[in-house]
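Engineer: Got a sequence here, can you model it:
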Amino acid sequence: MSPISYNLQAVQERIDAAARAALRDPQGVRLLAVSKTFGPDAVIDAAGAGQRAFGENYLQEAVDKMAAVRDARPDLSLEWHFIGPIQSNKTRPIAEHFDWVHSVDREKIAHRLSEQRPDSLPPLNICLQVNISGEASKSGMAPEEVPALAKAVAGLPRVVLRGLMAIPEPAEDMERQRAPFRQLRELFEQLKAEGLALDTLSMGMSADMDAAIAEGATIVRVGTAIFGQRTYAK
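Structural biologist: Sure, this is the predicted structure:
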């Protein structure tokens, strides 16, 4: 068993345990393997262990990686999620190459993704990124801005509004980790009560996924615990 396969198994066991502790069905929590900065071989290794959904932050790196994986293993059917900040001049390749986008936080971006999604592809799955901790350094919109954007996105063609995403401020203890996830879940439930058909809470990473699962996460985004420490190019 490769190190990545071993790590994937350990992460899946942790997800299952956290779900059971929260009296949830482990099948209700999907693992998104965050493969940014890791090469095509790492994706193929993880896919060999059964992982199918991969998250990427950097557009050109991701598009190149997708092509390399496709060339090496045309038999693999993978699901690609864009989870990084989106510049408006980068929406077309995102609309053309990805299955999911977790980081929509402006109506202009949503409109461009809708207009640029090819008719030959299924609708693009969208989550709205919420700056739940109000950090100046983080992308995402303020919670009070979410309902208006959610309603606007829900009416667009070629995209499907699936839910909300957040990256809260890091916290050490479980209760402090849970608080912003609870806030995001309450906003999610409010939107559903207002008639929006949402099913996705993308929240929780390697350090805080147990707290996120306890508060209702349906997708956890895990990179380091699967692929190891990242080295960023200078």
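Engineer: how far is stretch 61-78 from where the chain is centred?
Structural biologist: 19 Å (C-alpha atoms, centre = their mean, to the nearest Å).
Engineer: From here on, call the first residue 18.
Structural biologist: I'll keep to 18 as the first residue from here, and by that count the last item is stretch 78-95.
Engineer: now the strands for this protein?
Structural biologist: Remark: strands assigned in the chain by DSSP state E are 47-51, 70-73, 96-99, 117-121, 141-146, 176-182, 217-219, 236-239.
Engineer: What helices and strands are in contact with the shortest one?
Structural biologist: Contacting strand 217-219 under the criterion 3 or more C-beta pairs under 8 Å, 6 or more residues apart in numbering; DSSP states H and E are the following elements: strand 141-146, strand 176-182, helix 191-210, strand 236-239. Any C-beta I mention is one placed from the backbone N, CA and C, and that applies to glycine too.
Engineer: how far does it sit from the chain's center?
Structural biologist: 8 Å.
Engineer: in that strand, what counts as buried?
Structural biologist: When burial is assessed from 16 or more other C-beta atoms under 10 Å, strand 217-219 yields the following buried residues: 217, 218, 219.
Engineer: Kindly indicate which of the residues you listed lies nearest residue 153.
Structural biologist: Nearest to residue 153, judged by C-beta to C-beta, of the buried residues of strand 217-219 is residue 219 at 21.9 Å.
Engineer: Redo the strands of the chain as a markdown table? Include mean pLDDT.
Structural biologist: Below are the strands of the chain laid out as a markdown table (pLDDT from 0 to 100):
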| stretch | mean pLDDT |
| --- | --- |
| strand 47-51 | 98 |
| strand 70-73 | 98 |
| strand 96-99 | 98 |
| strand 117-121 | 98 |
| strand 141-146 | 98 |
| strand 176-182 | 98 |
| strand 217-219 | 98 |
| strand 236-239 | 98 |
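Engineer: Format these as a markdown table; extra columns: distance to residue 85.
Structural biologist: What follows is the strands of the chain, written out as a markdown table (distance: least, C-beta to C-beta, whole Å):
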| stretch | distance to residue 85 |
| --- | --- |
| strand 47-51 | 16 |
| strand 70-73 | 13 |
| strand 96-99 | 13 |
| strand 117-121 | 20 |
| strand 141-146 | 23 |
| strand 176-182 | 27 |
| strand 217-219 | 26 |
| strand 236-239 | 22 |
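Engineer: Indicate which one of those strands is closest to residue 199.
Structural biologist: It's strand 217-219; of these, that one is closest to residue 199 (C-beta to C-beta) at 11.0 Å.
Engineer: Identify whichever of the strands of the chain lies nearest to residue 204.
Structural biologist: Nearest of these to residue 204, taken as C-beta to C-beta: strand 176-182 at 6.6 Å.
Engineer: Give me the residues contacting that closest one.
Structural biologist: With contacts defined as C-beta atoms under 8 Å, 6 or more residues apart in numbering, strand 176-182 is touched by 100, 117, 119-120, 127, 130-131, 134, 140-147, 157, 163, 167, 170-171, 201, 204-205, 208, 213, 215-220, 235.
Engineer: try 6 Å
Structural biologist: By C-beta atoms under 6 Å, 6 or more residues apart in numbering, the surrounding residues in contact with strand 176-182 are 119, 130-131, 140-147, 170-171, 201, 205, 215, 217-219.
Engineer: Show me what the nearest residue to residue 79 once chain neighbours are set aside is bridged to.
Structural biologist: Of all residues not flanking residue 79 in the chain, residue 73 sits nearest, at 3.6 Å (C-beta to C-beta, 6 or more residues apart in numbering). Residue 73 forms beta bridges with residue 99, as assigned by DSSP bridges.
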